[in-house]
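Asker: Mind folding the following:
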Amino acid sequence: MQLGAIADGHGTTFRLWSTAHDRCEVRVDGATVPMTEIGGRVFEARVAGVGHGARYRFVLDGQEINDPYARFLPDGITGPAQVWRSSHAWRHEHVVRPLREHAIYELHVGTFTREGTYAAAAKRLGELVEVGFTAIEVMPVAAFGGRHGWGYDGVAHYAPHAAYGTPDELRAFIDAAHASGLSVLLDVVYNHFGPAGNVIGQYSPEYFTKDVPNVWGDAPNFRQPWMRRYVLDNVRYWLEDFRFDGLRLDAVHAIVDPSERDVLRDLASLAENVLPGALLVAEDDRNDPAIIERTGFDAAWADDFHHAVHVTLTGERDGYYACYEPGAKTIAQTITRGWLYEGQPYPTSGKPRGKPTGTLPAESLVYCLQNHDQIGNRAFGDRLPAGDKLAAATTLLLFLPMTPLVFQGEEWGASTPFLYFTDHDPELGKLVSKGRREEFGKFAAFADPAVRERIPDPQAPSTFERSKLDWDERTRGEHARMLALHTQLLRLRREDPVLSRTGRESMSAEAMGPVLVVKRWTDTAARTLTANFSDAPATSPITGPVLIASAPIELPTLPPWSAVIVATQR
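Answerer: The predicted structure is shown next:
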């Protein structure tokens, strides 16, 4: 049974579940219509002649409350919902491809273009295909508070965020991506509801539980059938009604379900039944292969690779970076194991972290050099700059058999930051701004309050505006070099007889001082990457015909911060 507003050609059925209220009504286009309980505390009203475009709110014991199942909130989460009946005429089917063929591009609709809309983003998709990306991963679009934000505080998971466009404009964006041959993944958040506009608990407090720890407040109660169904139906909704080709689930380690059967297992089964081959990717900081081997997900973000490379490139050791020694040795260990921590004590907690990856295929580990978290959670949202260091690291990333993820603009070494930005109401906004600066007080670089005051205010409109990509810079200087390198590497990855076919079982990685050596092979051929992750020239232990290099190289000399891929003997 579907909740919310369900329109057909003759009218609309309005339906809700409430254990906290006995008198339920729907106020639609100014008229108040009583709802009848039809069993199990489900209330329903059929309103003839009301269809697409009508505005409504539910009225519970005299109080107007928004619909958490709304399909569109054109005026934001505080305005009335709109009955939505799609008129989009689909032109293209899903683009489901094997996981090993994914080269993922993570984008945020609001900052991907100046306009910040689905329609504007669609016009740039061809350029991503030209570089060689095969999939886009869209940061969350479920309606959240304010006009702009990252999207991880959604409260109406069936309503695409209005500032980006209408639900049918989102469908048109996905259709355009499929026309270009791109798979489309959606980032979804089921571990919590945002702090602003979260009204679902006012219908029935049983949607949430205090028995399960949750850093964001009361946890979703997955033992309650209606909360469980809210999430599972939402998965079906995105895959069926919008034709997304897969989902990336945020922080699954924070989804706690004491039920006999974990909701994540049901989610994985449902996704496969709805769309065979649908891709499910988990963000899971536990380094536990069970999310893939037992729960049924296809892949997981493996952030240890990012951390090992980042400390090597930057020398930073604050926070969790203190758990990773800079240098080729740590990078080699991480590549060999899949992730670095597989049960050792984690220095910041002192507790064991992780389990061995075992026989997980390489493509089930998503590697990146940058993503929205690793950039945006920095005080100034600064990226790795275009240049030799990023070029060498990019050559490594795209040489490996793991699934690569690139954050928007990274392909040209974008100079624009990706900051933490919000648009909350003034009261909540002040708390967010204050908390953001206090959060960095534990870092040595921000111990001085005067330094913390320089951290951009998340609530300032300029913080959001500064985070928008400058597409014009991609054709200039170092940016053009980075773009060309990405294009060449992705082509090599796609077409080379070794790099396009092999996995972890035919790969080795070792460190020789500051030089990282990674070899991949088939029965008849091999490819070897050597990378110098230091400030001084080094000698490559491997020579051979050069397939691609991050910078001008004359082997056996490796310039500082350089990488080269050569053809070698098996």
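Asker: residue boundaries of the strands in the stretch 201-350 of the chain?
Answerer: 208-209, 219-220, 246-249, 279-282, 299-301 (DSSP state E, counting those that start in this stretch).
Asker: The ones you listed: which one's closest to Arg171?
Answerer: Arg171 lies closest, by CB to CB, to one member of the strands of the stretch 201-350 of the chain: strand 246-249, at 16.6 Å. Placement of C-beta: from N, CA and C, glycine included.
Asker: So which residues lie in contact with that closest one, not counting its own?
Answerer: Residues from elsewhere that reach strand 246-249, judged by CB atoms under 8 Å, 6 or more residues apart in numbering: 137, 183-190, 235, 238-239, 255, 264, 267, 271, 278-283, 297-298.
Asker: again, only this time at 6 Å
Answerer: Applying CB atoms under 6 Å, 6 or more residues apart in numbering, the external contacts of strand 246-249 come out as Glu137, Leu185, Leu186, Asp187, Val188, Ala278, Leu279, Leu280, Val281, Ala282.
Asker: would you turn the strands of the stretch 201-350 of the chain into TSV with mean pLDDT?
Answerer: Formatted as TSV, these follow (pLDDT from 0 to 100):
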stretch	mean pLDDT
strand 208-209	96
strand 219-220	95
strand 246-249	98
strand 279-282	98
strand 299-301	98
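Asker: Now distance to Tyr324 too, for the ones you listed, in CSV please.
Answerer: What follows is the strands of the stretch 201-350 of the chain, written out as CSV (distance: least, CB to CB, whole Å):
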stretch, distance to Tyr324
strand 208-209, 36
strand 219-220, 31
strand 246-249, 24
strand 279-282, 22
strand 299-301, 16
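Asker: Neighbour count and distance to Arg436 for the contacts of strand 246-249 - can I get that in CSV?
Answerer: Formatted as CSV, the contacts of strand 246-249 follow (neighbours: other CB atoms under 10 Å; distance: CB to CB, whole Å):
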residue, neighbour count, distance to Arg436
Glu137, 26, 25
Leu185, 24, 28
Leu186, 23, 27
Asp187, 23, 21
Val188, 23, 24
Ala278, 23, 36
Leu279, 25, 33
Leu280, 24, 32
Val281, 27, 28
Ala282, 25, 27
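Asker: ok, these vs Gly441, which is closest?
Answerer: For the contacts of strand 246-249, the nearest to Gly441 is Asp187 (29.3 Å; CB to CB).
Asker: So what touches the helix or strand where that closest one lies?
Answerer: Using DSSP states H and E, Asp187 sits in strand 183-188. Residues from elsewhere that reach strand 183-188, judged by CB under 6 Å, 6+ apart: 95, 97, 135-140, 174, 177, 238, 244-249.
Asker: returning to that earlier point: now that we have the contacts of strand 246-249, can you turn them into TSV and tack on distance to Gln82?
Answerer: Below are those laid out as TSV (distance: CB to CB, whole Å):
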residue	distance to Gln82
Glu137	28
Leu185	27
Leu186	21
Asp187	24
Val188	22
Ala278	28
Leu279	31
Leu280	30
Val281	31
Ala282	33
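Asker: what about Thr463, how many neighbours?
Answerer: Look at Thr463: counted by other CB atoms under 10 Å, it has 21 neighbours.
Asker: I meant Phe443, not that one.
Answerer: 13.
Asker: Hmm, it is touching Arg317, no?
Answerer: No. Applying CB atoms under 6 Å as the test, Phe443 and Arg317 come out as separate, 10.6 Å apart.
Asker: So which residues of the stretch 401-550 of the chain form helices?
Answerer: Counting by DSSP state H, counting those that start in this stretch, the stretch 401-550 of the chain has helices at residues 426-439, 449-452, 461-466, 477-495.
Asker: Let me know the average pLDDT across the third one.
Answerer: It stands for helix 461-466. For helix 461-466, mean pLDDT rounds to 98.
Asker: Kindly export it (C-alpha atoms) in CSV.
Answerer: Provided in CSV are the C-alpha atoms of helix 461-466 (Å, rounded to 0.1, in the frame of the first residue of the first chain):
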residue,chain,number,x,y,z
PRO,A,461,25.8,32.7,0.2
SER,A,462,29.3,33.3,-1.0
THR,A,463,30.4,29.9,0.5
PHE,A,464,28.0,28.2,-1.9
GLU,A,465,28.8,30.4,-4.9
ARG,A,466,32.6,29.9,-4.5
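Asker: Select, out of the strands of the stretch 201-350 of the chain, the one closest to Glu505.
Answerer: That would be strand 299-301 among the strands of the stretch 201-350 of the chain, by CB to CB, at 17.4 Å.
Asker: quick one: the helices in the stretch 1-150 of the chain?
Answerer: So, for the stretch 1-150 of the chain - with DSSP H, counting those that start in this stretch - the helices run 109-112, 118-122, 125-131.
Asker: out of those helices, nearest to Asp496?
Answerer: helix 125-131 (16.9 Å).
Asker: mind listing what's buried in that closest one?
Answerer: Leu125, Leu128, Val131 (16 or more other CB atoms under 10 Å).
Asker: any idea of the pLDDT on the last one?
Answerer: Going back to what we said before, that points to Val131. 98.
Asker: any idea how far the helix or strand of the chain with the lowest mean pLDDT is from the chain center?
Answerer: None of the helices or strands of the chain scores lower by mean pLDDT, DSSP states H and E than helix 449-452, at a mean of 84. Centroid separation for helix 449-452 versus its chain: 31 Å, with CA atoms, centre = their mean, to the nearest Å.
Asker: What of stretch 323-340?
Answerer: With CA atoms, centre = their mean, you get 23 Å for stretch 323-340.
Asker: before we move on, what about stretch 191-206?
Answerer: 23 Å.
Asker: Need the nearest residue in space to Val215, chain neighbours excluded.
Answerer: Ala254 (7.0 Å; CB to CB, 6 or more residues apart in numbering).
Asker: that older thread, columns distance to Lys355 on top of the helices of the stretch 1-150 of the chain, output as CSV?
Answerer: Listed next are these as CSV, based on distance: least, CB to CB, whole Å:
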stretch, distance to Lys355
helix 109-112, 36
helix 118-122, 38
helix 125-131, 35
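Asker: quick one: which of those is nearest His10?
Answerer: Closest among the helices of the stretch 1-150 of the chain, using CB to CB: helix 118-122, at 30.2 Å.
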